[in-house]
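Asker: got a sequence here, can you model it:
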Amino acid sequence: MRQMILMVIFLSGLSLVFLDQSHGNDGARTEIETRFSHLLLPDLLEFAYLSNPSIIASKESWQIFIENYRIGKSYPDPKLTTTYFPSPIETRLGPQDWNLTLSQAIPFPGTLAQRGKVLAADVNISKLKLDKTIKSMVTQVALAYYELAYIQTAIAVAGANLDLNISLSKIGKNAYARDKAYFYDVSRARAQTAQIQYDILLFQELEQTQKTRINTLLNRVPDASLGRAKNIVARDIAYSLKEIYDLAMLHQEDILIADETIEKSNEAIRLSRFENLPSFKLGLFYAGIGRPEVANPPGNAGDDALGIQLGLNLPLWFGKNKSRNARALARREKARADKRITANQIKERISRLWFKLKNSKRLMTLYENQLIPQALASVQTAETWFQEGEGSFSDFLEVQATAYNFQLSLARAGTDYSQALVRLEQMAGVVLNVKSDQTPKEISHEN
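Answerer: Numbers count the residues shown, from 1 in each chain. Model prediction:
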């Protein structure tokens, strides 16, 4: 249940508040780390959520766009300029020693508000990218965990079969000594034992490699200690392929980003119309006037000058204005086409994952219910026939090797199933083994 709740939170991207509260919480990470001697997927997800630097980087990127929004919708800074005249300019009232100008650019009314709408779309896109980063992290950790569980299961299966093969080698030697087996059979038993020993060595190295991958996802040192992963229980899927398509169109971040990009393009078209309107400039001019060196100065001689400035930016280059509008329209059409491309690519990936999920399920059923029980029964039968002299030692070796391969294949099929389901959940944006009370159609209608 805890795993399901965590997956719901992460896949829906609703735990950003939790991220804010837990960011830098070393105590929480230390407490989780004490449980790593027996690995559980929820513990790994929590730890990665607190530590993974890609999430922190994405969150800070979101903050950057928030600040860009606040900056972009503000008025330009006023300008203050001053001029000092080493050789003062003589005027009727006296020499002009210096002047001071304070000016403020004022966009056409509504321009800043419209620019804010464009920048708000960037904020929403950055937020969606943060959600996508979280879901990607969840998927990567889950895939690595399931792969580790498979490798550790394979080591256990190989170890059990190694003990059996060692026993078979001894039986083969004794049978050969009594002329009940051929030398080829003894050699084959030794070869099978060596092959299983190689498999164990290979799986052990793969186990360490997989632990290193998990540690890097968790932002831990590569050789940090990790225990045994809990055995995987396959979760049944509660949705049809059509429903998963619909869910992906509602929840997949790439689709939502495309929608936001289209909306941003619409706002940019409106902004281009404001940019084709004049902007204003309001200023205040002050000049310091000295005393004139004349015999009969006027009564207001030496009075400083004060003036008000009003400027107007005239967008008279109609070709430039037209191109600005055309550029905004082209970006919108590109965004719409990009959304269609993204939707088609997502559906194609979902289709491939659906096939892999169903095929893995069929293989699990085949191995678990038919092939492995039949192989184990054949091992017992072959052993009985060999002991009674009615079967050959070669047959005994053959069915035992077949049972071993079937056991590994079952573990692989189970892992492939779980990994395909995780990838499908990442695409759909919901946990697929528990069906929501709302159908995709109802959710779409509400949105």
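
Asker: just the buried residues of the strand or helix carrying Asp97, please?
Answerer: For Asp97, the host element (DSSP states H and E) is strand 94-106. For strand 94-106, the buried set under the neighbour-count rule, 16 or more other C-beta atoms under 10 Å, comprises 94-97, 99, 101, 103, 105-106. For every residue, glycine as well, the C-beta is placed using N, CA and C.

Asker: give me the next element, helix or strand, following it.
Answerer: Counting by DSSP H and E, the element after strand 94-106 in chain order, helix or strand, is helix 111-177.

Asker: same for that next one, what does it pack against?
Answerer: helix 2-12, helix 41-51, helix 53-72, helix 183-217, strand 228-229, helix 253-275, helix 393-428 (3 or more C-beta pairs under 8 Å, 6 or more residues apart in numbering; DSSP states H and E).

Asker: can you lay out these as a markdown table showing mean neighbour count and distance to Val434?
Answerer: Formatted as a markdown table, the helices and strands packed on helix 111-177 follow (neighbours: other C-beta atoms under 10 Å; distance: least, C-beta to C-beta, whole Å):
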| stretch | mean neighbour count | distance to Val434 |
| --- | --- | --- |
| helix 2-12 | 17 | 6 |
| helix 41-51 | 22 | 16 |
| helix 53-72 | 15 | 25 |
| helix 183-217 | 17 | 25 |
| strand 228-229 | 20 | 23 |
| helix 253-275 | 19 | 21 |
| helix 393-428 | 21 | 11 |
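
Asker: let's have those in CSV, adding distance to Val123 and mean pLDDT.
Answerer: Putting the helices and strands packed on helix 111-177 into CSV (distance: least, C-beta to C-beta, whole Å; pLDDT from 0 to 100) gives the following:
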stretch, distance to Val123, mean pLDDT
helix 2-12, 19, 44
helix 41-51, 22, 91
helix 53-72, 5, 91
helix 183-217, 28, 89
strand 228-229, 39, 92
helix 253-275, 9, 92
helix 393-428, 24, 90
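
Asker: Throw these into TSV and include distance to Tyr245, thanks.
Answerer: As requested, the helices and strands packed on helix 111-177 are exported to TSV (distance: least, C-beta to C-beta, whole Å):
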stretch	distance to Tyr245
helix 2-12	17
helix 41-51	26
helix 53-72	27
helix 183-217	29
strand 228-229	32
helix 253-275	11
helix 393-428	9
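
Asker: between the ones you listed, which one is closest to Leu310.
Answerer: Ranking the helices and strands packed on helix 111-177 by proximity to Leu310 (C-beta to C-beta) places helix 253-275 first, at 20.2 Å.

Asker: centre of the chain to that closest one, how far?
Answerer: Its chain's average C-alpha position is 23 Å from that of helix 253-275, according to C-alpha atoms, centre = their mean, to the nearest Å.

Asker: show the subsequent helix or strand relative to that helix.
Answerer: Criterion used, DSSP H and E; the element after helix 253-275 is strand 279-289.

Asker: so which residues make contact with that next one?
Answerer: 91, 93-108, 111, 302-313 (C-beta atoms under 8 Å, 6 or more residues apart in numbering).

Asker: so where is the stretch 101-250 of the chain shaky, pLDDT-wise?
Answerer: 172, 175-182, 184-185 (pLDDT under 70).

Asker: apply 80 and report the result again.
Answerer: 165, 167-189 (pLDDT under 80).
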